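In: Next one to model:
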Amino acid sequence: MRTSLTTGRAHRRAAMLLAALTLTVGSTAAEAATAAPQVAAGTCTFDSPITARTASAGGVRIELRYSTSTRCAWGRITNANPGDLVWTQRSYDGGRTYEKLPTVEVRTGHDTHTDSYYDGGVLMRACGWDESAGASNCTGWY
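Out: Okay, here's the model as predicted:
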């Protein structure tokens with residue numbers, strides 16, 4: 001009788017330890033998955049850029065730029081004038097809905113760009129507004 005009681009306690013203790021270990025490992029993995037985009041977002045740079053997508057609005061060229069080294073994307077407009085705008089949009093559901101990120105206005109010169117944003121696991125596109133033509137457009141999703 002004593003042997004079965006001890007064995008029962010050992011099984012319960014092992015089950016509790018296994019449950020605690022699973023809970024700890026599961027939450028650590030979830031925390032790491034959640035933290036990864038935040039860590040990467042803090043390290044966004046404009047290094048190793050490619051032009052992933054392009055579009056035009058009036059006479060303005062709109063580009064979605066992408067850093068192959070940091071997995072970050074940003075919008076850029078060229079051939080622009082003061083008052084023209086550029087912004088990016090980010091979608092978590094394949095482009096069905098999107099979040100509009102901050103708009104940047106050309107203040108001087110003929111081009112500008114947005115901040116860069118981590119895009120791991122999402123789609124992004126760049127949009128622009130040509131003030132003099134009264135036209136806007138967006139690149140395709142990337």
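In: Contacts only, for residue 140.
Out: Residue 140 sits next to 53, 55, 125 when contact means C-beta atoms under 8 Å, 6 or more residues apart in numbering. For every residue, glycine as well, the C-beta is placed using N, CA and C.
In: what pLDDT does residue 67 get?
Out: The model reports residue 67 with a pLDDT of 95.
In: how many other residues sit next to it?
Out: Using other C-beta atoms under 10 Å, the number of residues around residue 67 comes to 20.
In: Could you measure from the residue nearest the centre of the chain over to residue 50?
Out: With distances taken as C-alpha atoms, centre = their mean, the residue of the chain nearest its centroid is residue 119 (2.7 Å). Between residue 119 and residue 50 the computed distance is 13 Å (C-beta to C-beta, to the nearest Å).
In: Next: residue 110.
Out: The span separating residue 110 from residue 50 equals 22 Å under the rule C-beta to C-beta.
In: Which residue ranges of the protein form strands?
Out: 49-57, 60-67, 72-78, 85-91, 99-100, 104-105, 112-113, 117-118, 123-130, 135-138 (DSSP state E).
In: so how far is the fifth one from its chain's centroid?
Out: Between the centre of strand 99-100 and the centre of its chain there are 11 Å (C-alpha atoms, centre = their mean, to the nearest Å).
In: just checking, what packs against it?
Out: strand 85-91 (3 or more C-beta pairs under 8 Å, 6 or more residues apart in numbering; DSSP states H and E).
In: what's the angle between the strand it packs on and strand 60-67?
Out: If you take axes from the mean of the first three to the mean of the last three C-alpha atoms, to 10 degrees, strand 85-91 sits at 50 degrees to strand 60-67.
In: Partner strands of strand 85-91 and their direction?
Out: strand 99-100 (antiparallel), strand 104-105 (antiparallel), strand 123-130 (antiparallel) (DSSP bridges).
In: Which one, of those, ends up nearest to residue 81?
Out: Of all the strands paired with strand 85-91, strand 123-130 sits nearest to residue 81, with 8.2 Å by C-beta to C-beta.
In: what does the closest one rub up against?
Out: 53, 55, 57-60, 62-65, 73-77, 80, 84-91, 94-95, 98, 114, 117, 135-142.
In: For those residues, which ChimeraX command selects only the ones that are buried?
Out: To isolate the buried members of the contacts of strand 123-130 in ChimeraX, using 16 or more other C-beta atoms under 10 Å:
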select :53,55,57,58,60,62,63,64,65,73,74,75,76,77,80,84,85,86,87,88,89,90,91,98,114,117,136,138,139,141,142
